[in-house]
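K.L.:
Whatever this is, show me its structure:
(chains A, B, C and D)
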Protein chains: 2
Amino acid sequence: MAKMLRGATAQETHSAILDLIRSSGTVTRVDLAERSGLTGASISRVVKRLLADGLIIETGYGDPTGGKRATLLQFNPRARHAVGIAVDTPSTTYVVTDMSGRVIEQLSSRGIGKDAPATAVQRITAELEDLIVKAEIEPSTLVGVGVALAGRQGRGGTRLLRTDSEKYAWEPFAVRDTLKAAIDHPIVVENDSTCAAIGEFWAGKIPSANDFATVYLAAGFGLGLVTNGDVYRGSSSNVGEIGHMVLDVNGPMCWCGGQGCLESLAAPAAVVARAEQDTTLADKLGLRGRQTSVRADFAKIARLAAGGDTRCVGLIEESATYLAKALLSITNLLDLDQIILAGPGFSEAGDIYVRVASTELNRLSFVRAMHPTRVELSKLGPSAAALGAASLVLHSQLTPHQNARS
Amino acid sequence: MAKMLRGATAQETHSAILDLIRSSGTVTRVDLAERSGLTGASISRVVKRLLADGLIIETGYGDPTGGKRATLLQFNPRARHAVGIAVDTPSTTYVVTDMSGRVIEQLSSRGIGKDAPATAVQRITAELEDLIVKAEIEPSTLVGVGVALAGRQGRGGTRLLRTDSEKYAWEPFAVRDTLKAAIDHPIVVENDSTCAAIGEFWAGKIPSANDFATVYLAAGFGLGLVTNGDVYRGSSSNVGEIGHMVLDVNGPMCWCGGQGCLESLAAPAAVVARAEQDTTLADKLGLRGRQTSVRADFAKIARLAAGGDTRCVGLIEESATYLAKALLSITNLLDLDQIILAGPGFSEAGDIYVRVASTELNRLSFVRAMHPTRVELSKLGPSAAALGAASLVLHSQLTPHQNARS
DNA sequence: CGCACTTTAGTACACAACGTAAGGAAGCGG
DNA sequence: CCGCTTCCTTACGTTGTGTACTAAAGTGCG
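P.N.:
Now for the predicted structure:
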């Protein structure tokens, strides 16, 4: 129980200024002075240091305004790199990115499936080491490895890895410590929804002042929250379990023990189950008679919906309507002005979800009179979680503001 | 767009240390050094200053531990005072408190009813001036006036005052500026739910590290959120509109345009409406044949429920069950570990709400395996909002950490 | 009861980071 | 070319914290 103040170390100021440059794209020293509240003299010193570290570069001169033209400053994306890994049941995705979120190198392999945590993590470690070598980046520019997990945070910082995709069983496993022992770089572990959120924040150059949420859809729904330029983690780092928000008190029983949960009404498994009821559609999709995965079946339905198939559009719209209701509740609760939809579940028919949710929010949200609530599809694509995990490392190492934890 | 850094001014450190003393009750300098991360030398200097300002006092010596006994430090509650006003439709409550949240002086008058905002605020100003004189506090110790409103925050800092309690019509009115022009003290305006939350935080000596929510029930439900020792306000200061969380997608239409909202299912008006369906009960309560207020009728039902009347217990439990579902969703979303129920709506039968919500959360919440989610009744009583408004002023003036705004 | 030891509280000085003030550098316009 | 504006840097003062040391106040054992 120590360290809580320690006033404005250089570290802190540097990271705050770097964060301003990150979110601004291109800025001048004068802009920075104005927006940070520091004087030109201080900015000069900080910028000099950031230039020396190679974290930013001078890229030209601004428009003349009657005097000396200002030097333009930009983030230097190639100064540092990070690795992001998204571990999920069906697949594991690895990316090596630079500071702008651009993918330098990537790799996909099979997911944890029903492997024991120790087995899965061991394989991941090996693949990770190979990837780092293959990416041919200067080792000193690698700031760390971020891991996005579908699991949850347990007591004492232990991550719980899911080992059985059907029954949602979690098993305590010290993911971070195990990886840390094998890889000599900082390791950051977070859930996939939070990673997706920080990925949008970083790659989308979202200013630290904005509060927004990212809905991540893989097997189920999760929500990542970024407020005041930092991840909101709650009292035990288990924020964002929206899959069991109650949308229908008289609805169907959910495995969690509740009734009418978002997940049981709108998750891929629910959509697929409804499709199976429709024999014509089920035959068309090949859902009957053979063992298939829920994710693959859902992707098929979503693809047909995106193509305009009436019946499939109906199924996806039904799912989207439930999600929209949940987002409405969340928006009223947290007064958000931006919600981003990310993850593999939205890759095929994300537009339908955006349309339905957007309409609903702007029809019913309480703050609609003050400001619109924008609903957007992630621009990061299907590897949003992996990219986000990498961004999380960059964020926590380069612009830690006041967030501890590593 | 300025001021954002300015590293560790004396102000900031002083307020952080003061906040530690506030939330600790009694501490020694050594404790403070350990918990703040500062060295004994710095604590010595800061404490000297706080003692000189009269904000804290030395109250004796700690237990011997083999050396010189430590001097005990405490908050000096009488050093500063604040006024809190809760403005609601049926009544307006004024309190003058010291820094511990103890009520020095209070006053109740009629609410805004259907008065125009200008008329209501003018009357409040006059009553406020009388109260300050009557309280006989040293003017220099009055740090400001806090106002808790049921209304909402509009564009450009204007508060919206509700002018018609039945139709939920709001009218823009610059409450703060109007009061500020009349009273020469800092004025802080917030919604009643947020005030109740900060009141619990302050009077309950809750440490800044804790995240918790307060549900405030008057005409409808509202939620105030305190995270990281400060009020969470969202993007337009309209956090906590939980009254229109969707609990039943197929439920009854709500005036807001949605279906199955918490408010339409569980608010006092809904409970009273159900009671009116029961002719025996309606007669017993005198609900029929004369013009009565929803709030008064609800209070009657709640009182009978608290007394054990089976039918009324059923009605309240029904309302509590809906609220519990909403709290379940909120807890899963925000990973809270403490929820406090406050406001006039809970004064009669709050215990029933606590029991039902507590049971539901510990049965179904996703974090229950990691930590319990405590549901508690406010200890501040029916004037929670007014007390909270006063606390908000004390908080914003004495321990502003990094929150600007005034 | 005295003396060594422990713990708390305060002081003196060095260091770090920001602000102020002044001036140099680069460009504009007459 | 020269005055003027704007950008950027350097030199120095202020503020606040840490380190090291000292004073004060108590404990406990011989």
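K.L.:
and residue A:214, what is it in contact with?
P.N.:
Contact partners of residue A:214, counting by CB atoms under 8 Å, 6 or more residues apart in numbering or on different chains, are A:193, A:196, A:197, A:200, A:223, A:224, A:226, A:339, A:340, A:341, A:342, A:378. The way it works is simple: take the backbone N, C-alpha and C, and place the C-beta from them, glycine included.
K.L.:
Show the contacting residues for the closest residue to the third one other than its chain neighbours.
P.N.:
In space, not counting the residues next to it along the chain, residue A:197 is nearest to residue A:224; the distance is 3.0 Å by CB to CB, 6 or more residues apart in numbering or on different chains. Residue A:224 makes contact with A:191, A:193-198, A:213-214, A:216, A:231, A:239-240, A:388, according to CB under 8 Å, 6+ apart.
K.L.:
between those residues, which is nearest DNA strand D?
P.N.:
For DNA strand D, the nearest member of these is residue A:231. The distance, counting by CB to the nearest atom of the strand, is 26.4 Å.
K.L.:
Can you check the pLDDT for the nearest residue to the closest one once chain neighbours are set aside?
P.N.:
Setting aside the residues directly before and after it, residue A:231 is nearest to residue A:194 in space (CB to CB, 6+ apart), at 5.6 Å. On pLDDT, residue A:194 comes in at 95.
K.L.:
Compare the contacts of residue A:224 and tell me which is most surrounded.
P.N.:
The most crowded member of the contacts of residue A:224, judged by other CB atoms under 10 Å in any protein chain shown, is residue A:388 (37 neighbours).
K.L.:
need the contact list for it.
P.N.:
Going by CB under 8 Å, 6+ apart, residue A:388 touches A:84, A:146, A:148, A:192, A:194-200, A:202, A:224, A:380.
K.L.:
What segments of the stretch 51-200 of chain A are strands?
P.N.:
Secondary structure of the stretch 51-200 of chain A by DSSP state E, counting those that start in this stretch: the strands cover A:56-61, A:71-75, A:81-87, A:91-98, A:103-110, A:142-149, A:152-153, A:159-164, A:169-173, A:187-191.
K.L.:
between those, which gets the lowest average pLDDT?
P.N.:
Ranked by mean pLDDT, the strands of the stretch 51-200 of chain A end with strand A:159-164 in last place, scoring a mean of 74.
K.L.:
Flag the shaky bits of the stretch 201-350 of chain A, pLDDT-wise.
P.N.:
For the stretch 201-350 of chain A, residues meeting the criterion pLDDT under 70 lie at A:288-292.
K.L.:
do the helix or strand hosting residue A:35 and chain B meet?
P.N.:
Residue A:35 is part of helix A:29-36, with elements assigned from DSSP states H and E. Yes - with CB under 8 Å from any CB of the partner chain as the threshold, helix A:29-36 lies in contact with chain B, specifically through A:34, A:35, A:36.
K.L.:
wait, the last one sits on residue A:16?
P.N.:
Yes - with contact defined as CB atoms under 8 Å, residue A:36 counts as touching residue A:16 (6.6 Å).
K.L.:
Contacts (any at all) between DNA strand C and the helix holding residue A:35?
P.N.:
No - Helix A:29-36 lies out of reach of DNA strand C by CB under 7 Å from any atom of the strand, never closer than 8.1 Å.
K.L.:
Just list what that helix packs against, helices and strands only.
P.N.:
helix A:10-24, helix A:40-52, strand A:71-75 (3 or more CB pairs under 8 Å, 6 or more residues apart in numbering or on different chains; DSSP states H and E).
K.L.:
quick one, the first one and strand A:56-61 angle?
P.N.:
Compare the direction of helix A:10-24 with that of strand A:56-61 by axes from the mean of the first three to the mean of the last three CA atoms, to 10 degrees and you get 40 degrees.
K.L.:
Extract the C-alpha set from helix A:10-24 and format it as CSV.
P.N.:
The C-alpha trace of helix A:10-24 is given here as CSV (Å, rounded to 0.1, in the frame of the first residue of the first chain):
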residue,chain,number,x,y,z
ALA,A,10,8.8,13.7,-16.0
GLN,A,11,7.4,10.3,-16.9
GLU,A,12,3.8,11.5,-16.4
THR,A,13,4.2,14.7,-18.2
HIS,A,14,5.9,13.1,-21.1
SER,A,15,3.2,10.5,-21.4
ALA,A,16,0.4,13.1,-21.3
ILE,A,17,2.1,15.1,-24.1
LEU,A,18,2.7,12.0,-26.1
ASP,A,19,-1.0,11.1,-25.7
LEU,A,20,-2.0,14.5,-27.0
ILE,A,21,0.3,14.0,-30.1
ARG,A,22,-1.1,10.5,-30.6
SER,A,23,-4.7,11.7,-30.6
SER,A,24,-4.1,14.8,-32.6
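K.L.:
Run the chain-centre distance for it.
P.N.:
Between the mean C-alpha location of helix A:10-24 and the chain-wide mean there is a distance of 21 Å, by CA atoms, centre = their mean, to the nearest Å.
K.L.:
With the shortest one instead?
P.N.:
Using CA atoms, centre = their mean, the mean C-alpha position of strand A:71-75 is found 27 Å from that of the whole chain.
K.L.:
Find the closest residue to chain B in the stretch 251-400 of chain A.
P.N.:
Proximity to chain B, evaluated over the stretch 251-400 of chain A using CB to the nearest CB, is greatest for residue A:335 at 2.8 Å.
K.L.:
Turn the contacts of residue A:214 into JSON lines, columns for distance to DNA strand C.
P.N.:
Below are the contacts of residue A:214 laid out as JSON lines (distance: CB to the nearest atom of the strand, whole Å):
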{"residue": "A:193", "distance to DNA strand C": "34"}
{"residue": "A:196", "distance to DNA strand C": "32"}
{"residue": "A:197", "distance to DNA strand C": "28"}
{"residue": "A:200", "distance to DNA strand C": "29"}
{"residue": "A:223", "distance to DNA strand C": "35"}
{"residue": "A:224", "distance to DNA strand C": "30"}
{"residue": "A:226", "distance to DNA strand C": "24"}
{"residue": "A:339", "distance to DNA strand C": "34"}
{"residue": "A:340", "distance to DNA strand C": "32"}
{"residue": "A:341", "distance to DNA strand C": "38"}
{"residue": "A:342", "distance to DNA strand C": "35"}
{"residue": "A:378", "distance to DNA strand C": "35"}
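K.L.:
Narrow the residues you listed to those in helices?
P.N.:
Within the contacts of residue A:214, membership in helices is found for A:193, A:196, A:197, A:200, as judged by DSSP state H.
K.L.:
any idea how chain A splits into domains?
P.N.:
A:10-75, A:80-204+A:384-398, A:212-378 (automatic domain parsing).
K.L.:
how about residue A:358, secondary structure?
P.N.:
helix (DSSP: H, G, I helix; E, B strand; the rest coil).
K.L.:
could you list every residue that touches the residue nearest to residue A:231?
P.N.:
A:224, A:225, A:231, A:233, A:239, A:240, A:388, A:392.
K.L.:
Am I right that residue A:338 is in contact with residue A:210?
P.N.:
Yes - contact criterion CB under 8 Å: residue A:338 and residue A:210 qualify, at 6.7 Å.
K.L.:
More neighbours: the two, which one.
P.N.:
residue A:338 (20 against 17).
K.L.:
The more buried one - nearest residue in space that isn't next to it in sequence?
P.N.:
If the residues on either side of it in the chain are set aside, residue A:338 comes closest to residue A:212, at 3.9 Å by CB to CB, 6+ apart.
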